[in-house]
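Asks: Predicted coordinates and the sequence they were generated for:
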Amino acid sequence: MGRPLNGDVLPFRRPPPVAAEMSDQALVAACGVGDAAALGLLFDRYAEHVYRFLGRLRGTDTCDLDDLLQATFIEVQRGASRFRGGAAVRTWVLGVAANVARHYVRGEIRRHAAVAAWAELPSRAPETPADTAERRQLLHRLGIALGELNDDLREAFVLCDLEDVPGVEAARVLGLRPGTLWRRLHDARRALRQAMEEQSS
């Protein structure tokens, strides 16, 4: 994750300068009437974020992630006319990505988690080499545990705890009642804690 995106992925027409100043909501509205330049700008704004999200969610290889990324923005274009602004555009796009990942069939998607991006998050304090090694080991164990969750629990955890999407918005984009989302998030956190404890014992 965090790699430069392949230039062959959705080679959208570059938007004119005035389009670059449009709000996300205006860009979605323009996509809804077939404006390819607006879709290109949405891709520029959110592709890296969606790519990282899909990697955390699916832990799959680069080729599959590129396909999922492209499928996400195809669905963004298809669904743009139905966007009603009930959630932030970022949250809506992540919801589209989660739905695409849930239904995208490409054989048996491998469950091992690709969480290298987590290791790139800034540390709150300077780390010694021992601290760095321990932190990477912890992230590796968390990645394995995350990969063992079922799709429903993993979606809830990644959206709310890793992507910081508010619970109400996450429930909306996943088509869930808030109570259902909270239960899944609780179950995901409990399962992750238990898996981490078992790995360390």
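Replies: On my side now, so go ahead. Numbers count the residues shown, from 1 in each chain.
Asks: Report the residue spans of this protein with pLDDT below the cut-off.
Replies: Low-confidence segments of the chain (pLDDT under 70): 1-20, 59-63, 104-127, 131, 200-201.
Asks: Domain-wise, how is it divided?
Replies: 19-103, 116-200 (automatic domain parsing).
Asks: In TSV: those domains, plus mean neighbour count.
Replies: (Each C-beta comes from the backbone N, C-alpha and C, glycine too.) Conversion of those to TSV gives the following (neighbours: other CB atoms under 10 Å):
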stretch	mean neighbour count
domain 19-103	19
domain 116-200	15
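Asks: center of this protein - which residue?
Replies: Ranked by distance to the mean C-alpha position of the chain (CA atoms, centre = their mean), the top residue is Phe53 at 2.1 Å.
Asks: And that one, how far from Asp67?
Replies: From Phe53 across to Asp67, the span is 15 Å (CB to CB, to the nearest Å).
Asks: helix/strand/coil for Ala87?
Replies: Assigned by DSSP: H, G, I helix; E, B strand; the rest coil, the conformation of Ala87 is coil.
Asks: Do I have it right that it meets Ala171?
Replies: No. If you go by CB atoms under 8 Å, Ala87 and Ala171 don't touch, sitting 9.8 Å apart.
Asks: who touches both of those two?
Replies: Taking CB atoms under 8 Å, 6 or more residues apart in numbering as the contact criterion, Ala87 and Ala171 have no common neighbours.
Asks: Please state the offset of the strand or helix carrying the residue nearest to the centre of the chain from the chain centre?
Replies: Assigned by DSSP states H and E, Phe53 belongs to helix 36-58. With CA atoms, centre = their mean, to the nearest Å as the basis, helix 36-58 stands 9 Å off its chain's centre.
Asks: which secondary structure elements does it contact?
Replies: helix 24-32, helix 62-79, helix 89-103 (3 or more CB pairs under 8 Å, 6 or more residues apart in numbering; DSSP states H and E).
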